[in-house]
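> Fold the following.
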Amino acid sequence: MQFAVSGVETSLLVPPLAAFAVSFLSAMGGISGAFLLLPFQMSFLGYVNPSVSATNQFYNVVAIPSGVLRYVREGRMVWPLTIAIAAGTLPGVFLGAYLRVAWLPDPRWFKVFAGLVLLYIGGRLVRDLLANGARNGEPRGVVAPPLSGDCTVRVEAFSMQRIAYAFQGRTCSCPTMGVFLLSLVVGVVGGTYGIGGGAIMAPFLVAFYGLPVHTIAGATLMGTFLTSVAGVGFYSLIAPMYPGQSISPDWALGLLFGFGGMVGMYLGARCQKRVSARKIKWLLGAVIVFTGAKYLLGSLF
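Predicted structure coming up:
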């Protein structure tokens, strides 16, 4: 089948199957998987128009709610953290979308940018794992599975200064303004890259603030969903201003990716408690570093 907006020609089964495989794994870490679907679309499907970012964010809009619903049902949604993340990333995503269209329309330079972003994310994950492995312990903030007893999250404090919640017998906290400012920067990058920002936010929350990965997944996915809705809307609004470029999402292709991601997100969120956070981070780190290196080297040589 050929998709009119993107010009992609592929089997109807390829997008949902690729999205399912990616989202099943990434949902466990609070990541939608859009950061891996973007290079898949550009390199494998040959979709290099600026609208690939909008299509990627539309995938988030369709796929993420099922994973968020699962975390809500299990009582593992930290709503104050979700609010702080969304408040920062929403304004940033608009600026990021503009930068993508106005300054990074050339797919070659966009690949350089995307490769650097992926290498940074993967480098942070791997460095954190190696540093903690040298101390013969789990990464700071990680709760080793299987999770036992009460796995729900109970909010203890939410103010302009601090977010605190109880989980598995310990109190987890982070500065509200720190999360907000970090989310603002992440929103710009996520809006440019077309990922919503969760792929960057989740590693930061674990590495910098020591928050358990089993508690931040729902919040980062929800934040990614909200910013992706804003991103898709913004790309659609500015499309008439750039008649010579393909800006709006390929709705049909995005739906196919989204349907596969919807199933993968739900199952990934459901299985998360049974998988070691350390294993999730190692696998994600390896995939991200490999993809980023391939992207960067492919654009330079």
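> buried ones in the helix or strand containing Gly92?
Assigned by DSSP states H and E, Gly92 belongs to helix 79-102. Buried residues in helix 79-102, defined by neighbour count with 16 or more other Cβ atoms under 10 Å: 79-94, 96-98, 100-101. Glycine gets a C-beta too; all of them are placed from N, C-alpha and C.
> other SSEs contacting it?
helix 51-73, strand 154-158, strand 162-167, helix 176-193, helix 198-209, helix 213-238 (3 or more Cβ pairs under 8 Å, 6 or more residues apart in numbering; DSSP states H and E).
> Would you mind finding the longest helix in this structure?
Using DSSP state H, we find that the single longest helix of the chain is helix 107-134.
> buried ones in that helix?
Quick answer for helix 107-134 (16+ other Cβ under 10 Å): 107, 110-115, 117-122, 124-126, 128-129, 132.
> between it and helix 198-209, what angle do the directions make?
With axes from the mean of the first three to the mean of the last three Cα atoms, to 10 degrees defining the directions, helix 107-134 sits at 30 degrees from helix 198-209.
> what helices or strands is helix 107-134 leaning on?
Helix 107-134 packs on helix 34-39, helix 176-193, helix 198-209, helix 277-300, going by 3+ Cβ pairs under 8 Å, 6+ apart.
> What helices and strands are in contact with the last one?
Other elements packing on helix 277-300 under the criterion 3+ Cβ pairs under 8 Å, 6+ apart are helix 14-26, helix 34-39, helix 107-134, helix 198-209, helix 213-238.
> Lowest mean pLDDT across those, which one is that?
Of all these, mean pLDDT reaches its minimum on helix 107-134 (a mean of 74).
> now the angle from it to helix 79-102?
Going by the same axes, to 10 degrees, helix 107-134 makes 150 degrees with helix 79-102.
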